[in-house]
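Student: When you get a sec, could you give me coordinates for this:
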Amino acid sequence: MIYNSFDNPGLLKVLKFLQTHNTEYLSGQDLSDVLRISRVAVWKHIKKIQELGYTVESKQKLGYKLISNSELLLPWEITANLKTKIIGRQAYYFDSIDSTQTQALKMAGDVANYGAIIVASKQTGGHGRSGRKWVSPKGGIWISIILHPTFDISITTLFPIASALALSIAIEKTFSIQPELKWPNDLTIKGKKVAGMLVDVSLESNKIENLVLGVGINFDVNAKQIEKSLKGTPNFYGVASLSDQKQNIKPIQLVQTFLIELEKIYKSLNAKQTKKIISEWTVRSSTIGKNVELNTSDSKIKGKAIKIDDDGALVVSENNKNHRIIAGDIIHLSK
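Tutor: As a prediction, this is how the structure comes out:
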């Protein structure tokens, strides 16, 4: 099942009318007359709306009444009243997909898809950094965003850090909790991973042609079950789920807030305003000031994480010598 934010005009007409008149029952004939579609078309659209997770009550002689909206991250729900200019203005929804990142990379070369968001209810082949498996069942938020940035290639290492900051701010605004930021691109709650970022960049003549940001959020998932399936994998340190906060927050609230915060940070990066991003990330970081062990492609470093530099690289002090790490697996040491 695939939907986007600009097709299905008949279905959306019926849905919007139900949403704006949700205090009353609307007869099939009334809907037919007002929307200028046949009663059969009305019935078919109502049936599809119910299949998409909306609760529509049907009563003889009274008609239809919308009781509650769908919990799915449907494209027209994402774009509705979204206060952004670029990011999320187009949306594509897949009931199931191998990976939103793979799909977004196929679409990224087309300038018409600038700012588009790809959403999946579940992924069958989700992956994180270094191709690691990311368990992506229903209940999580699995999205990829297509961008065509104007910032310099050197900022690509800072981008996942900046994106993680945007998500941290969004979670704080919606859930009133502040997740920790673990270098380079993870969000944690009480030391367990609740979300992660993945960035794929396409370069042409040393310039960024397009960039795809993948985001995985454990929104309402069975953390213990995922922990069982991932135990023993490299750099595994536990799974958290936002549903453990026991708050009545809908996925759409978090996604829309994140897209707004991401666009703010994206504008700052394009304008080369990075200092505030770095300082805000540092305040929220669980890595800075910690003793850490880093495994890079060619070495292992043990030392104290001092700061991130202007490009998002982690500076680690080992035996009075500073190392600048662009990428690697990090373990926070207890001592």
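Student: I87 falls within a helix, correct?
Tutor: No: the assignment for I87, made by DSSP: H, G, I helix; E, B strand; the rest coil, is coil rather than a helix.
Student: any idea of the pLDDT on it?
Tutor: Note for I87: predicted pLDDT of 98.
Student: what sits against it?
Tutor: When contacts are counted by Cβ atoms under 8 Å, 6 or more residues apart in numbering, I87 touches 115, 117, 145, 147, 259, 262-263, 266. Backbone N, C-alpha and C define where each C-beta goes, glycine included.
Student: what about 10 Å?
Tutor: I87 makes contacts with 114-117, 145-147, 213, 258-264, 266-267, as judged by Cβ atoms under 10 Å, 6 or more residues apart in numbering.
Student: Could you do K44 as well?
Tutor: The contact partners of K44, taken as Cβ under 10 Å, 6+ apart, are 10-11, 14, 37-38.
Student: can those residues go into JSON lines with extra columns for neighbour count, secondary structure and distance to A305?
Tutor: As requested, the contacts of K44 are exported to JSON lines (neighbours: other Cβ atoms under 10 Å; DSSP: H, G, I helix; E, B strand; the rest coil; distance: Cβ to Cβ, whole Å):
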{"residue": "G10", "neighbour count": "15", "secondary structure": "helix", "distance to A305": "55"}
{"residue": "L11", "neighbour count": "18", "secondary structure": "helix", "distance to A305": "51"}
{"residue": "V14", "neighbour count": "26", "secondary structure": "helix", "distance to A305": "55"}
{"residue": "I37", "neighbour count": "16", "secondary structure": "coil", "distance to A305": "61"}
{"residue": "S38", "neighbour count": "11", "secondary structure": "coil", "distance to A305": "65"}
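Student: S297: which of these is nearest?
Tutor: Checking the contacts of K44 against S297 with Cβ to Cβ, the nearest one is L11 at 49.5 Å.
Student: so can I have JSON lines of the contacts of K44 showing pLDDT?
Tutor: Shown next, in JSON lines, are these (pLDDT from 0 to 100):
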{"residue": "G10", "pLDDT": "93"}
{"residue": "L11", "pLDDT": "95"}
{"residue": "V14", "pLDDT": "97"}
{"residue": "I37", "pLDDT": "95"}
{"residue": "S38", "pLDDT": "95"}
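Student: Among those, give me the pair with the biggest separation.
Tutor: Spatial extent of the contacts of K44 (Cβ to Cβ) is set by the pair L11 and S38 at 13.9 Å.
Student: Relative to Y54, how far out is the most centrally placed residue in the chain?
Tutor: Centroid check for the chain by Cα atoms, centre = their mean gives V215 as the closest residue, at 4.0 Å. Using Cβ to Cβ, to the nearest Å, V215 is found at 25 Å from Y54.
Student: how many neighbours does V194 have?
Tutor: Neighbours of V194 under the rule other Cβ atoms under 10 Å: 28.
Student: Report the buried members of the contacts of I87.
Tutor: Neighbour-count burial (16 or more other Cβ atoms under 10 Å) is assigned, among the contacts of I87, to 114-117, 145-147, 213, 258-263, 266.
Student: What residue in the protein is the furthest from its centre?
Tutor: In the chain, by Cα atoms, centre = their mean, K61 is the one farthest from centre (43.4 Å).
Student: was I right about it contacting Y25?
Tutor: Yes: counting by Cβ atoms under 10 Å, Y25 is a contact partner of K61 at 9.1 Å.
Student: Now L167: closest residue in space, sequence neighbours ignored.
Tutor: Excluding the flanking residues, the one nearest L167 by Cβ to Cβ, 6 or more residues apart in numbering is F258, at 5.4 Å.
Student: quick one: that neighbour and F175 touch, right?
Tutor: No: F258 is beyond contact range of F175, at 11.9 Å (criterion: Cβ under 10 Å).
Student: Next secondary structure element downstream of the helix-or-strand element of the chain with minimal mean pLDDT?
Tutor: Ranked by mean pLDDT, DSSP states H and E, the helix or strand of the chain with the weakest confidence is helix 223-230, at a mean of 80. Scanning forward in sequence from helix 223-230 by DSSP states H and E, the next helix or strand is helix 251-270.
Student: now for that following helix, which elements pack on it?
Tutor: helix 75-79, strand 117-123, strand 141-147, helix 159-175, strand 207-217, helix 275-284 (3 or more Cβ pairs under 10 Å, 6 or more residues apart in numbering; DSSP states H and E).
Student: so it versus helix 159-175, what angle?
Tutor: Here helix 251-270 runs at an angle of 140 degrees relative to helix 159-175 (axes from the mean of the first three to the mean of the last three Cα atoms, to 10 degrees).
Student: any idea of the mean pLDDT for helix 251-270?
Tutor: The pLDDT scores in helix 251-270 average 97.
Student: could you dump it to CSV, C-alpha only?
Tutor: The C-alpha coordinates for helix 251-270 follow below in CSV (Å, rounded to 0.1, in the frame of the first residue of the first chain):
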residue,chain,number,x,y,z
PRO,A,251,3.4,10.1,16.2
ILE,A,252,2.2,12.9,13.9
GLN,A,253,2.9,15.5,16.6
LEU,A,254,6.5,14.4,17.0
VAL,A,255,7.1,14.1,13.2
GLN,A,256,5.7,17.6,12.4
THR,A,257,7.7,19.2,15.3
PHE,A,258,10.8,17.4,14.2
LEU,A,259,10.4,18.6,10.6
ILE,A,260,10.0,22.2,11.8
GLU,A,261,13.1,22.0,14.0
LEU,A,262,15.1,20.3,11.3
GLU,A,263,14.3,23.1,8.8
LYS,A,264,15.5,25.7,11.3
ILE,A,265,18.8,23.9,11.7
TYR,A,266,19.1,23.2,8.0
LYS,A,267,18.8,26.9,7.3
SER,A,268,21.5,27.7,9.9
LEU,A,269,23.8,25.2,8.2
ASN,A,270,23.2,26.6,4.7
